[in-house]
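K.L.:
Return atomic coordinates for the entry below.
(chains A and B)
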Amino acid sequence: MAAHEKPDLPAHRNLFRMILAPTIWAIHFLLAYCTAAIWCAKDLGDPDTLTLVVTGYTVAAEVAIVFLGLKMWTQWDYLDDYDYVHSESTDEHRREFLGHAGFMLACLSFVAVIFNTMPVWFAGTCL
Amino acid sequence: MRPLVLPAAAILAIALAGCRGPQSALDPAGADASSLASLFWVMLAGAVVLWLLMNGLIFYAWRAKPRPISSKAARILIFGGGVVFPTFVLFFLLAYGLSMMPDQRAPGEGLRVEVTGEQWWFRVAYWPEGASEPIHSANEIVLPVGVRSEITLKADQVIHSFWLPSIAGKTDMFPGRVTRMSLLPTEPGEFRGQCAEFCGESHAWMAFTARTMTPDDFAAWVEAEAAPAAVPETDLQARGLDVFLSEGCGGCHAIRGTPARGRVGPDLTHLASRGNLAAGALKVTVPDLIAWISHPEAIKPGAKMPAFDHLPREDIAAMAAYLESLE
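P.N.:
Numbering: from 1, shown residues only, chains lettered A, B, ... in the order given. Next up is the predicted model:
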């Protein structure tokens, strides 16, 4: 249990923060695939440039996901109280649960965005 | 255990027999098929290692009665084995698979073959480099060895899929859309391809033969294939051509060098030089031709060609004799 209480934090009610990282993953997926589809259909230029553009999306997405992941890590405050289970109906447990889940979703999104980008890195062709 | 050895060996022998033959992705005769076969073996080896590892762990936990480990070590094992390890394995496998794709879809170097999926046969048009008009054929793909040929794929009414596993992977064919692939045969030989997308009642009867040959042999083949059909040499064959024309077969089929110019059905100009009749359903022999002309739908359900069983038997036999001479 926590050594000190943090009541009435808005974080314990904020579901949106938890799903922000997967939302960035989804937006990155759409942007990357739509850009590649339009680029190849309209023959907008060299596939290497397309690779650079999509890699740019990836860097931007990863920076945002890392930032959100750190925020979620702070919200979970694992190193503060080493709470791994958040089963109580208290604001603190809700906040930590949302932080814990948000942090793990951010980790998943980080890896997923790399996987989204792999086709242009390893098969970067419009053929 | 011993009574199981013989049945297991028999099942293994039957299963392994499927690895060879003219239509096997595991017996490649093309550069792309070789890459795919390598991919398969690498994946299989990896799967076997993982299977042994996981079952080894289960065996260790279940039968070897291990000592308890600390919850921290368990957490590291679960996180490392359940998250980190699969993430890296998937990354490297995906990178390995994806890096093969550009070669698989490299542009052709000269010959272009346009293949259109019909119900239920393959319309084939060869465009040798510099050609102003194609050479029409059907249900057979002939390619030079050592040269990457461009394959343009279309479909008439429904979706089909072009699959020649000994040479390369498969590519779907869509009505109203042109897809492409390229084939680089590495060995001369005869192979079999198959429509790999369910396309109606005779989907299973929609196959084609493929022949790969040296560039010199291929040049000679193109010259022969572009030539008009053989002139009937016997009275029976001449009668067969007369029946063919008088019964209106030329409304659907073309035989270059004769008034038959139909484009609804397969081009028959060099039918007898192809390895199959009716898209792999039959051989080009007189009995098979008689059977096909008499009752196409009995052989291929849904076939659009009408039955000609109302003709005298002699006329059908003459037509079969003529068609069988079209080398």
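K.L.:
What residues does the stretch 101-250 of chain B have near chain A?
P.N.:
Selection of the stretch 101-250 of chain B residues close to chain A by C-beta under 8 Å from any C-beta of the partner chain yields B:101, B:102, B:105, B:106, B:107, B:180. The way it works is simple: take the backbone N, C-alpha and C, and place the C-beta from them, glycine included.
K.L.:
got a markdown table for these, with secondary structure and distance to residue A:59 too?
P.N.:
Shown next, in a markdown table, are these (DSSP: H, G, I helix; E, B strand; the rest coil; distance: C-beta to C-beta, whole Å):
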| residue | secondary structure | distance to residue A:59 |
| --- | --- | --- |
| B:101 | helix | 24 |
| B:102 | helix | 23 |
| B:105 | coil | 28 |
| B:106 | coil | 30 |
| B:107 | coil | 31 |
| B:180 | strand | 33 |
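K.L.:
What subset of those residues is buried?
P.N.:
Buried residues within these, counting neighbours by 16 or more other C-beta atoms under 10 Å in any protein chain shown: B:101, B:105, B:106.
K.L.:
so which one among the residues of the stretch 101-250 of chain B next to chain A has the lowest pLDDT?
P.N.:
On pLDDT alone, residue B:105 ranks lowest of these, at 84.
K.L.:
Which strand or helix spans the nearest residue to that one once chain neighbours are set aside?
P.N.:
In space, and not counting its chain neighbours, residue B:105 is closest to residue A:127: 4.1 Å by C-beta to C-beta, 6 or more residues apart in numbering or on different chains. Under the criterion DSSP states H and E, no helix or strand holds residue A:127.
K.L.:
ok, residue A:127 - contacts?
P.N.:
Contacts for residue A:127 (C-beta atoms under 8 Å, 6 or more residues apart in numbering or on different chains) come out as B:102, B:105, B:106, B:107, B:180.
K.L.:
Kindly present these as JSON lines, with separate columns for distance to residue B:71.
P.N.:
Below are the contacts of residue A:127 laid out as JSON lines (distance: C-beta to C-beta, whole Å):
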{"residue": "B:102", "distance to residue B:71": "47"}
{"residue": "B:105", "distance to residue B:71": "50"}
{"residue": "B:106", "distance to residue B:71": "53"}
{"residue": "B:107", "distance to residue B:71": "58"}
{"residue": "B:180", "distance to residue B:71": "56"}
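K.L.:
Can you tell me which of the residues you listed is nearest residue B:172?
P.N.:
Nearest to residue B:172 among these: residue B:180, at 11.2 Å, using C-beta to C-beta.
K.L.:
Okay, and the beta partners of that closest one?
P.N.:
Using DSSP bridges, the bridge partners assigned to residue B:180 are residue B:152.
K.L.:
what sits against it?
P.N.:
Counting by C-beta under 8 Å, 6+ apart, residue B:180 has contacts A:127, B:105, B:150, B:151, B:152, B:153, B:171.
K.L.:
Let me know the helix or strand that the spatially most central residue of chain A is in.
P.N.:
In chain A, the C-alpha nearest the mean C-alpha coordinate belongs to residue A:21, at 2.7 Å (C-alpha atoms, centre = their mean). Assigned by DSSP H and E, residue A:21 belongs to helix A:15-41.
K.L.:
same question for that helix, mean pLDDT?
P.N.:
Taken as a whole, helix A:15-41 has a mean pLDDT of 93.
K.L.:
Could you pull out the buried residues of it?
P.N.:
Neighbour counts over helix A:15-41 (16+ other C-beta under 10 Å) mark A:17-18, A:20-22, A:24-25, A:28-29, A:31-32, A:35-36, A:39 as buried.
K.L.:
ok, back up a step: wait, the residue nearest to the centre of chain A touches residue A:104, no?
P.N.:
No. Under the criterion of C-beta atoms under 8 Å, residue A:21 makes no contact with residue A:104, lying 9.5 Å away.
K.L.:
where does the most centrally placed residue in chain B fall, helix, sheet strand or coil?
P.N.:
Geometric centre of chain B, nearest residue: residue B:193, 1.6 Å, by C-alpha atoms, centre = their mean. Assigned with DSSP: H, G, I helix; E, B strand; the rest coil, residue B:193 falls in the strand class.
K.L.:
Wait, it touches residue B:168, no?
P.N.:
No. Checked against C-beta under 8 Å, the pair residue B:193 and residue B:168 is beyond contact range at 9.8 Å.
K.L.:
Just after the helix ranked longest in chain B, pick out the following helix or strand.
P.N.:
With secondary structure taken from DSSP state H, chain B has its longest helix at helix B:31-62. Next helix or strand after helix B:31-62 toward the C-terminus (DSSP H and E): helix B:71-79.
K.L.:
Could you check the angle that next one makes with helix B:31-62?
P.N.:
Our comparison of helix B:71-79 with helix B:31-62, counting by axes from the mean of the first three to the mean of the last three C-alpha atoms, to 10 degrees, yields an angle of 160 degrees.
K.L.:
and helix B:71-79, average pLDDT?
P.N.:
Per-region confidence: helix B:71-79 scores 88 on mean pLDDT.
K.L.:
Switch the buried ones among the residues of the stretch 101-250 of chain B next to chain A over to JSON lines; also include distance to residue B:246.
P.N.:
As requested, those are arranged in JSON lines below (distance: C-beta to C-beta, whole Å):
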{"residue": "B:101", "distance to residue B:246": "53"}
{"residue": "B:105", "distance to residue B:246": "48"}
{"residue": "B:106", "distance to residue B:246": "49"}
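K.L.:
Of those residues, just say which sits nearest to residue B:220.
P.N.:
Closest to residue B:220 out of those is residue B:106 (26.5 Å), distances taken as C-beta to C-beta.
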